[in-house]
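*Asks:* Build me a model:
(one chain, ligands or ions: 1)
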Amino acid sequence: MMQQTEMIEKAKRAIEALNPGGPFNIMEVCGSHTMAISKFGLRQLLPKNIRLISGPGCPVCVTAQNEIDSVVELANRNVVIATFGDLIRVPGSKSSLQLERAAGKEVKVFYSPLDALKYAEGNPSKEVVFIGIGFETTVPTVAVTIKEAKEKNIKNYSVYCLHKTMPEALRALLEGGSNVQGFLLPGHVSAITGSKIYEFIPKEFGVGGVISGFEAMDILMSIIMLLKNYKNPAIEIQYKRVVRKEGNLEAQKIIDEIFEPCDSIWRGLGKIKGSGLRIKDKYKDFDAAVKFDIKPIGEEIEIKGCRCGDVLKGSIYPNECPLFERACTPENPVGPCMVSSEGSCAAFYKYGA
Ligand code: SF4
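*Replies:* Numbering: from 1, shown residues only. Below is the predicted model:
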């Protein structure tokens with residue numbers, strides 16, 4: 001059987017043979033790909049003109065500054081904030097969930113929204129608000145909690161919905177004149193959505209994409225597929241062991257039952273039409289924005305000096321931010337791309353540029 005190192009060497013030679021010569025920027029739009037690329041040192045294996053750049057694929061990173069401010073506001077409404085771990089360290093304009101927790105507010109970290117629902121069920125005197133962030137990957141489980149809360153008549157559970165969906169963000173990037181020649185498309189998101197949602201990319205923008213797995217060889221094979229189809233861009237699936245063209249129909253069904261599209265603010269990309277999800281009226285009793293009368297998210301606010309927005313558009317590498325490794329480190333993060341365990345800045349810091 002061929003050794004992993006031999007396979008990597010072979011893939012490297014194939015990439016060199018397919019090298020189109022001019023600039024070829026490949027954008028990954030998944031935090032797990034961002035970490036894998038840095039961890040396996042894949043950038044260093046490629047010819048100089050083939051660059052791997054990060055896009056808006058880390059859920060914590062794309063959560064906008066004013067969305068964090070709204071979550072902090074909620075924490076001050078005598079509720080228990082239930083959230084994923086990375087979000088609590090993301091700084092808002094004046095505070096963060098971590099600071100609010102230190103000041104005595106109830107902020108609890110859960111690995112799954114189902115655990116948050118269970119906590120609400122076991123503590124009926126407390127109002128529990130789950131902060132719904134992330135893409136199509138996490139949405140079905142959050143939808144299940146809302147459906148279950150309604151069925152069981154759990155009145156002290158609600159979701160503050162900040163979910164975002166991937167295709168409209170890719171469209172916004174491309175319409176903004178992004179210098180991308182190919183996409184490494186997210187494996188986990190696509191397991192839910194399937195590949196059809198990306199078909200507009202080659203059709204309307206002449207750019208190809210490959211839905212990739214997360215091992216070094218998966219990513220190298222995906223790069224080879226992108227290079228092979230450079231002149232006839234298409235959407236292909238490399239991660240066939242998990243992703244099907246039609247996606248997970250059951251998961252899509254529950255998403256459609258609970259949520260509907262809405263506009264959403266993305267860090268670095270601003271407001272993108274139809275790129276978010278809101279809870280349908282039928283389930284509004286479980287919508288924290290309605291229950292606690294949270295005002296709609298305004299225009300995007302930027303953190304002074306932090307260039308997360310440019311990192312998330314693939315305009316710069318993290319080490320081109322003047323604060324990288326100086327004022328901004330994982331111990332003292334200035335922006336979410338350094339906070340999140342899937343952020344580009346955290347990946348560059350951990351594994352080197
Ligand atoms: Fe933002 Fe820090 Fe990354 Fe600079 S290094 S872009 S300040 S997170």
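
*Asks:* Point out where the stretch 1-150 of the chain drops to low pLDDT.
*Replies:* 1 (pLDDT under 70).

*Asks:* Which single residue of it ends up nearest the ligand?
*Replies:* residue 61 (8.3 Å; CB to the nearest ligand atom). (Each C-beta comes from the backbone N, C-alpha and C, glycine too.)

*Asks:* quick one: that residue and residue 340 touch, right?
*Replies:* Yes - counting by CB atoms under 8 Å, residue 61 touches residue 340, with 5.4 Å between them.

*Asks:* Show me whatever sits in contact with both of the two.
*Replies:* Taking CB atoms under 8 Å, 6 or more residues apart in numbering as the contact rule, residue 61 and residue 340 both touch residue 31.

*Asks:* OK, contacts around residue 82?
*Replies:* Counting by CB under 8 Å, 6+ apart, residue 82 touches 108, 110, 113, 116, 119-120, 128-131.

*Asks:* ok, now with 6 Å
*Replies:* Contacts for residue 82 (CB atoms under 6 Å, 6 or more residues apart in numbering) come out as 108, 110, 116, 128, 130.

*Asks:* just residue 224 next, same as before
*Replies:* If you count contacts by CB under 6 Å, 6+ apart, residue 224 has them with residue 14.

*Asks:* Spell out the secondary structure type for it.
*Replies:* Classification of residue 224 by DSSP: H, G, I helix; E, B strand; the rest coil places it in helix.

*Asks:* Distance check, residue 253 against the ligand.
*Replies:* Using CB to the nearest ligand atom, to the nearest Å, one obtains 37 Å as the distance from residue 253 to the ligand.

*Asks:* and what of residue 320?
*Replies:* For residue 320, the distance to the ligand - CB to the nearest ligand atom - is 9 Å.

*Asks:* Please identify the helix or strand for the residue of the stretch 1-150 of the chain closest to the ligand.
*Replies:* Secondary-structure assignment from DSSP states H and E places residue 61 in helix 59-62.

*Asks:* helices or strands up against that helix?
*Replies:* Where contact means 3 or more CB pairs under 6 Å, 6 or more residues apart in numbering; DSSP states H and E, helix 59-62 is packed against helix 336-339.

*Asks:* Give me the buried positions along the helix or strand following the helix it packs on.
*Replies:* Sequence-wise, the next helix or strand downstream of helix 336-339 (DSSP H and E) is helix 344-351. Within helix 344-351, the residues that count as buried by 16 or more other CB atoms under 10 Å are 344-349.

*Asks:* for stretch 152-163, same thing?
*Replies:* Under the neighbour-count criterion of 16+ other CB under 10 Å, stretch 152-163 has 154, 156-163 buried.

*Asks:* got a list of contacts for it?
*Replies:* 67, 117, 120-121, 124, 127-133, 139, 142, 149, 277-279, 286, 288, 291.

*Asks:* out of these, which are buried?
*Replies:* Neighbour counting over the contacts of stretch 152-163 (16+ other CB under 10 Å) leaves 67, 117, 120, 127-133, 139, 142, 149, 277-279, 286, 288, 291 as the buried ones.

*Asks:* Any figure for the gap between the closest residue to residue 124 other than its chain neighbours and the ligand?
*Replies:* Nearest non-adjacent residue to residue 124, counting by CB to CB, 6 or more residues apart in numbering: residue 156, 5.7 Å away. Using CB to the nearest ligand atom, one gets 36 Å for the distance from residue 156 to the ligand.

*Asks:* Checking my notes, residue 282 in a helix, right?
*Replies:* Yes - Residue 282 forms part of a helix when assessed by three-state DSSP.

*Asks:* Can you pull up the residues of the protein that come close to the ligand?
*Replies:* Contact residues, the chain versus the ligand (CB under 6 Å from any ligand atom): 306-308, 311, 318, 321, 323-324, 328, 334-335, 337-338, 345.

*Asks:* List the residues that contact residue 77.
*Replies:* Applying CB under 6 Å, 6+ apart, one finds that residue 77 lies in contact with residue 292.

*Asks:* oh, I was asking about residue 12
*Replies:* When contacts are taken as CB under 6 Å, 6+ apart, residue 12 is in contact with residue 45.

*Asks:* and the strand or helix carrying it, which residues are buried?
*Replies:* Mapping residue 12 onto the secondary structure by DSSP H and E places it in helix 4-18. Across helix 4-18, burial judged by 16+ other CB under 10 Å covers 8, 11-12, 14-15, 18.

*Asks:* before we move on, the earlier item: so what pLDDT did the residue nearest to residue 124 get?
*Replies:* Residue 156 carries a pLDDT score of 98 in this model.

*Asks:* do you know how far it is from residue 52?
*Replies:* Taking CB to CB, to the nearest Å as the measure, residue 156 falls 45 Å from residue 52.

*Asks:* Residue 351 too?
*Replies:* Distance from residue 351 to residue 52, counting by CB to CB: 13 Å.

*Asks:* Spatially, what comes nearest to residue 303 if we skip its sequence neighbours?
*Replies:* With sequence-adjacent residues excluded and distances taken as CB to CB, 6+ apart, residue 303 is closest to residue 335, at 5.7 Å.

*Asks:* cool, residue 14 as well?
*Replies:* Among residues not flanking residue 14 along the chain, residue 224 sits closest, at 5.2 Å (CB to CB, 6+ apart).

*Asks:* what about the one you found, distance to the ligand?
*Replies:* Using CB to the nearest ligand atom, which is the criterion applied here, residue 224 is 30 Å from the ligand.

*Asks:* Cool, thanks, talk later.
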